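Engineer: my questions concern the predicted model and sequence given below.
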Amino acid sequence: MAMHFDLVDLRLMIRVAEANSLTRGAEAVYMSVPTASTRIKNIEDSIGIKLFYRTSQGVTLTLPGQAFVHHARLVLGQLEHLSGDLQEYAKGIKGHLRVFANTTALGEFLPPVLRAYLLAHPDVNIDLRERLSGDIVRAVSDGQTDIGIVAGTVRTENLEVIPYRRDRLVLVVPLDHAIAALPSVSFVDTLELEHIGLHESSAIHAFLRQICSGLHRTIRLRIQVGNFEAACRMIEATVGVSVLPESAARRHAETMAIQIVPLIDDWSLRAMQICVRSMESLPPFARDLVTLLIEDARMASEATAD
């Protein structure tokens with residue numbers, strides 16, 4: 001199959017698909033409608049497959065068209081990464097590393113490791129993003145990120161996976177709360193209480209929304225805050241209760257009047273994993289970070305055991 005298209009074609013296909021309109025898609029890439037139509041027809045003729053259904057209401061992607069646009073986005077995304085990396089190299093930076101992590105890893109475990117790594121690698125920059133575990137796996141698979149740290153049960157086919165840490169989600173309540181004396185509690189039994197949540201874009205907020213959706217219930221959010229410390233301070237002030245990582249809750253319980261109550265739900269205990277496409281294909285400076293993460297987790301495990 002001979003395929004003849006260029007980057008302009010890829011951008012055009014994406015814009016037309018997003019707008020469901022040849023006219024608006026052409027306008028978005030500063031192209032006349034006849035030129036845009038000819039370009040799309042040439043792509044379809046070269047591969048022998050229709051990419052759009054055309055109706056009087058506009059255009060919609062066929063299944064092959066959906067695949068085309070998906071890969072077009074990946075190609076353009078990789079080119080943007082390439083451009084950014086080359087600009088960094090021009091400024092004297094020798095490496096650019098992308099890391100996607102869940103809320104707990106990003107807020108609790110990564111900061112000291114990344115500090116040590118960046119001190120040892122002054123010529124490497126890191127782009128750190130918070131994402132849901134499922135989105136992280138897809139990002140690693142698609143080449144959008146180099147290293148992912150995920151939690152819980154996620155499918156990681158075709159990826160190299162390394163055990164990292166274990167953490168538990170717990171309910172955190174004020175010291176004098178009625179639930180504070182209980183040995184454990186089910187998450188569903190807390191949904192009548194007013195909760196303190198993390199911000200909308202946090203992975204842990206999205207995870208709890210998924211759990212609530214599966215229960216066909218909603219969580220009563222009294223207030224949303226930006227980090228674990230702020231959540232614990234609100235709990236101490238008796239604003240509400242919150243589901244937080246046990247590691248963060250124990251750290252703040254040393255200085256705040258809060259109580260940790262274990263959740264009995266199976267999903268509350270989460271194994272974290274590092275995932276990469278291939279350790280062998282990572283540049284040496286990226287493998288150094290994975291090695292540092294593994295060593296940090298080992299030392300933490302030994303300290304807990306002692």
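Structural biologist: Okay, I see it. Numbering: from 1, shown residues only.

Engineer: ok, residue 230 to residue 239 distance?
Structural biologist: 11 Å (C-beta to C-beta, to the nearest Å). The way it works is simple: take the backbone N, C-alpha and C, and place the C-beta from them, glycine included.

Engineer: whoops, I mixed them up, residue 53
Structural biologist: 52 Å.

Engineer: the more surrounded of those two?
Structural biologist: residue 239 (17 against 11; other C-beta atoms under 10 Å).

Engineer: closest to the centroid, which residue in this protein?
Structural biologist: residue 131 (1.6 Å; C-alpha atoms, centre = their mean).

Engineer: doesn't residue 203 make contact with it?
Structural biologist: Yes: between residue 131 and residue 203 there is a contact at 6.0 Å, judged by C-beta atoms under 8 Å.

Engineer: shared neighbours of the two, anything?
Structural biologist: Shared contacts of residue 131 and residue 203, defined by C-beta atoms under 8 Å, 6 or more residues apart in numbering, are found at residue 102.

Engineer: over to residue 163. Which of the three states is it?
Structural biologist: Secondary structure, DSSP: H, G, I helix; E, B strand; the rest coil: residue 163 is strand.

Engineer: residues in contact with it?
Structural biologist: Counted by C-beta under 8 Å, 6+ apart, residue 163 has contacts 271-274.

Engineer: please enumerate the strands of the stretch 1-150 of the chain.
Structural biologist: Using DSSP state E, counting those that start in this stretch, the strands of the stretch 1-150 of the chain run over 52-55, 58-61, 95-101, 124-130, 147-151.

Engineer: quick one, the last one and strand 95-101 angle?
Structural biologist: Note on geometry: by axes from the mean of the first three to the mean of the last three C-alpha atoms, to 10 degrees, strand 147-151 and strand 95-101 are set 10 degrees apart in direction.

Engineer: quick one, grab the pLDDT at the closest residue to residue 206 other than its chain neighbours.
Structural biologist: Closest residue to residue 206 apart from its sequence neighbours, by C-beta to C-beta, 6 or more residues apart in numbering: residue 132 at 5.4 Å. The per-residue pLDDT reported for residue 132 equals 83.
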